[in-house]
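Undergrad: Give the three-dimensional model of this entry:
(chains A and B)
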Amino acid sequence: MIYDRQYYLDTFGVTERDIAELAAEGLRSGGDFCDLFFENTSYRDILLRDGEVSSGGFHIDYGVGIRVLCGEKTGYAYSESTDMPSMRAAARAAAAITAGVAAVGDRRTSDHRHFGRPNPAADRYPMLQDWRTADVAAQLPMLQKLESLIRAKDARVVKVIAMLSSQVSDILMYNSFEEMKYDTRPMGSLVASVVFAQDGAIENKSVSRSFRKGGEMLTDALLEELASQAVQGIDERFAARRPKGGRMPVVMGAGASGILLHEAMGHAFEADFNRKGQSVFSGRMGERICRQGITIVDDGTIRGNRGAVNFDDEGVPGQYTVMVEDGILTSYLHDRISAKYYGVAPTGNGRRESFRYNPIPRMRATYMESGEGSAEDIIASVKKGIYVDQFANGQVKIGEGDFTFYVKSGFLIEDGRLTMPVKDVNIIGNGPQALADIVAVADDLKIDDGTWTCGKEQSCPVSCGIPTVLVNNLTVGGE
Amino acid sequence: MDHTLTAQERALAARCLEIARAKGAQKARVTLNKSCMDLIGTLNGEVDKVSHCLDRSISIALFVDGKFGSFSINRLEESALEDFIDKAIATARLLEADPCRDLPDPARTARDATGGRELGLYDEACLAMDAGRRLELALGASIFKETAPGDNWTLVSEEAEYSDSVFDTLVMDTQGLSCRHTETSFEYGVEMTIQDSEGNRYSGYWWNSKPRLAELGADGICAVALERAVAQIGPQSLRSGKYRCVVDTECASRLVTPLLNALGAYAVQQNNSFLCGKLGEKVFSEGLTIMDECRRCGETGSRLFDSEGVATTEHEIVSQGIVNEYFINTYMSNKMQMPPNVEDAIRPKVKPWPKAGLDREALMRRCGEGILVTGFNGGNSNSSTGDYSFGIEGFAFKDGRITHPVREMLMTGNLIGLWNSLLAVGDDARACKSKLIPTLAFENVDISGE
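TA: Numbering: from 1, shown residues only, chains lettered A, B, ... in the order given. From the prediction side, this is the model:
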């Protein structure tokens, strides 16, 4: 959502002259670049527990972050007040980077102008119903209906917790290149956590949907979809066993398995790790890193998607960035600092949790494009392996590329057929090796709309997706 | 510069309670937080980042006509607060009534935390910190420029952060509660990344954190991080099987945290805990005793009160394998019809067993042969069943001595089973952590590898 310029200036009680003066203040003692990030976020939540929507609240976060760059070095400070004396103090604190750099004798300057123009026509999240003015009383029955739908679908449900959270952030950005950008970012998330009991055994499942949309996202169809997903696969969950562990082929189901792509490969494509030589993909630009036919992208342009951005948090327009094209590494994910270092245009990946943090390269919606095979054929091609449809708690070591993922649910594959349900095991591997070991990609790309949040130093909303793929050699934990 | 709460800010908290009552709340609790952190990040022995963070926020829990809501704001002008509380009360009134919501019984609340500095966690050295001193601390510990390549590795990067922080919290409620906790923290951490002769990268991290600057001792931290990176060169996979495992104190909390989470009343009340119905039962090995040592002067993690203002106590959470308590706050007490205590383990400590004084090397000698786990990489545990599967990194050892690093290994089982196969608990927990979990040794652990 993008309102007019004056709306944002009024929200933060500043004038164009004020913010220009602050940018100048940040560069008074040196530095190449200064930017300001104003934020006013309203967050609301309501929670259903034990059949009653009896807790909720709202939270307001307001302030401005000021950054001064000296070459690749960053000075950062923020103020929770937007009166000029407080903001000047923050600008001076950020400018301390110039003294720090001088002290160690490494001062660089650059007159490079970065890419980026206002483009209101590309609004990727028009908000038809503003969460800030939505009637909370009207939202309570939605949670109650969601619980009823879930209970009606499965008699084994013993507990349901449902939560609706929403936030709207007004953002105003200005930099010393005199670029001013503004944006209003909505986000709505609906989560249901369900506990099931059967013959003394307990299982739990959590499902969610999250969109950069306003209150219009709350439809009966959404509730039905979420309730169906909440109870889907519970028979298998109760019947699931741990398989015998070892190295074997792994088929990753379309959709939420994309989190593996995010963790095990995507982070290693972020340019800050590569600039510092810490990524396993450092220095490999232009090289073949996986088979022909595999294309991996990071996309900030999907309308209403949790990872969508009109502008990133440096004011660079959101983009569709191809990281791997037909198996060749073609681009890292850049913020302004790394883009300057590599001599390329920023890719719109400079993101931050809030005005309290400086932006760093972050993913948006990361996914692999569809291939040409079918999911059925891929499963049929595996004599003995694992099919995974839900991962959780992934972790990767950027330098080594080693990753581990927890399998919430899946199946054994025996002689090309899904057989015994499996759960609570880990899959472990090495990102670049796993990428190289992808031997088949189906034509069924699915973007998952869950509440994915990336935790690289700061929290950032993202999404992920993948078609069904076959990795021919990973270690599966088990008995 | 003093960044603790001013008298004017503290008065604002009291004023919020007055406003809340005037506008219709029968009861309210206000939590006023203020923190300030200065950080210098370095890359390869040069300054890479400086940041200054000053935060203030007010959170208010409102009890209105039997209804409850929690709200927060970081704009502390009184006019903004009036409007904020007005809207908050209106929002709370829209929710359904919940008779279980209440403030804690005043008799349970802390009365010995009025000044904030009773635990001796505040160091006035923070007042004298300036840019020059911080630069000295951030750059003084670097070894990047003096580190020569090893026989089979070169140093890729040294990424470090020095920070000093002040945290100040005031909790007040309409029943007369007024508790304050003030602490400082000085921290230095570094990640060293190396590359071996075959182009493989390895990273090692080490850090220290102290409430008092004089105790920080940043020298030597980079060398330890480098040593931890170099030690990982040439990892091998092991065959799947059952192994004795020694879990280093640096990562051992990963095995204790799921137990503590399962004791939380929110999980128990939702039937989402594998420790449901286990109160008073011997569930784990007799070697497992978990204490809450939360009132130790000068020790990181100590607190005199929880977020409700309830006084903490030092006691045993698990005694020789017997579960003594769930963590039950006022709300859950009313909901579950069980006596309340403190809402969480504040500063849990696993007691050494079978004797004091054992460290990691002693535990490896006791085990003879097995796997030393020095880090967990991903994985999870099922809160309902206690089944877990964790990626591990570490070393194989034989005759009590490390033989080689291991990679792509998984540790799988059930937490109750794991804690019943406890062999020994060390006495080497690092005091800089808020969870004091020493090195642990287990037998018959399922490990998946080749």
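Undergrad: Please count neighbours and contacts with C-alpha atoms only from this point.
TA: Will do.
Undergrad: Tell me the residue in chain A that is farthest from the middle.
TA: A:D199 (38.6 Å; Cα atoms, centre = their mean).
Undergrad: Over to it: give its phi and psi.
TA: Main-chain torsions, A:D199, degrees, to the nearest 10: phi 50, psi 40.
Undergrad: Quick one, grab the pLDDT at it.
TA: If you check A:D199, the pLDDT there is 94.
Undergrad: Over to the one 10 residues further on?
TA: At A:R209 the predicted local distance difference test score is 98.
Undergrad: That one pairs with what?
TA: A:L190 (DSSP bridges).
Undergrad: Do a quick rundown of the strands in the stretch 151-300 of chain A.
TA: Remark: strands assigned in the stretch 151-300 of chain A by DSSP state E, counting those that start in this stretch are A:157-175, A:180-198, A:201-211, A:246-252, A:296-299.
Undergrad: same thing with the stretch 151-300 of chain B?
TA: With DSSP E, counting those that start in this stretch as the criterion, the stretch 151-300 of chain B has strands spanning B:153-173, B:178-196, B:201-210, B:241-247, B:290-292.
Undergrad: Would you tell me which of those strands gets closest to A:D45?
TA: Proximity to A:D45, assessed across the strands of the stretch 151-300 of chain B by Cα to Cα, is greatest for strand B:153-173 (22.8 Å).
Undergrad: Mind giving me the packing neighbours of the closest one?
TA: helix B:7-22, strand B:27-43, helix B:131-140, strand B:178-196 (3 or more Cα pairs under 8 Å, 6 or more residues apart in numbering or on different chains; DSSP states H and E).
Undergrad: how many neighbours does the closest residue in space to B:E369 that isn't next to it in sequence have?
TA: Among residues not flanking B:E369 along the chain, B:K398 sits closest, at 4.2 Å (Cα to Cα, 6 or more residues apart in numbering or on different chains). Using other Cα atoms under 10 Å in any protein chain shown, B:K398 has 15 neighbouring residues.
Undergrad: domain ranges for chain B?
TA: Per the record, chain B has its domains at B:7-230, B:241-448, by automatic domain parsing.
Undergrad: and the stretch 301-450 of chain B, which residues reach chain A?
TA: B:377-382, B:384-385, B:387-391, B:408-413, B:446-450 (Cα under 8 Å from any Cα of the partner chain).
Undergrad: Okay, and which of the residues you listed map to strands?
TA: B:377-381, B:387-391, B:408-413, B:446-448 (DSSP state E).
Undergrad: Now, of those residues, which are buried?
TA: Neighbour-count burial (16 or more other Cα atoms under 10 Å in any protein chain shown) is assigned, among these, to B:377-381, B:387-391, B:408-413, B:446-448.
Undergrad: Show me the beta-bridge partners of whichever residue of the stretch 251-400 of chain A sits closest to chain B.
TA: Using Cα to the nearest Cα, the closest approach of the stretch 251-400 of chain A to chain B is made by A:Q395 at 4.5 Å. Going by DSSP bridges, A:Q395 is paired in beta bridges with A:T404.
Undergrad: From B:I58, how far out is A:S165?
TA: 20 Å (Cα to Cα, to the nearest Å).
Undergrad: Low-confidence stretches in the stretch 151-300 of chain B?
TA: By pLDDT under 70, the stretch 151-300 of chain B has no low-scoring segment.
Undergrad: for chain A, what are the nearby residues on it?
TA: B:156-157, B:193, B:200-203, B:240, B:270-272.
Undergrad: go again using 10 Å as the cut-off
TA: Contact residues, the stretch 151-300 of chain B versus chain A (Cα under 10 Å from any Cα of the partner chain): B:156-159, B:192-195, B:199-203, B:239-242, B:269-274.
Undergrad: just the buried members of these?
TA: B:156-159, B:192-195, B:201-203, B:240, B:270-274.
Undergrad: count of neighbours near B:M1?
TA: B:M1 has 9 nearby residues by other Cα under 10 Å.
Undergrad: That one touches B:M129, doesn't it?
TA: Yes: using Cα atoms under 10 Å, B:M1 is in contact with B:M129, at 7.9 Å.
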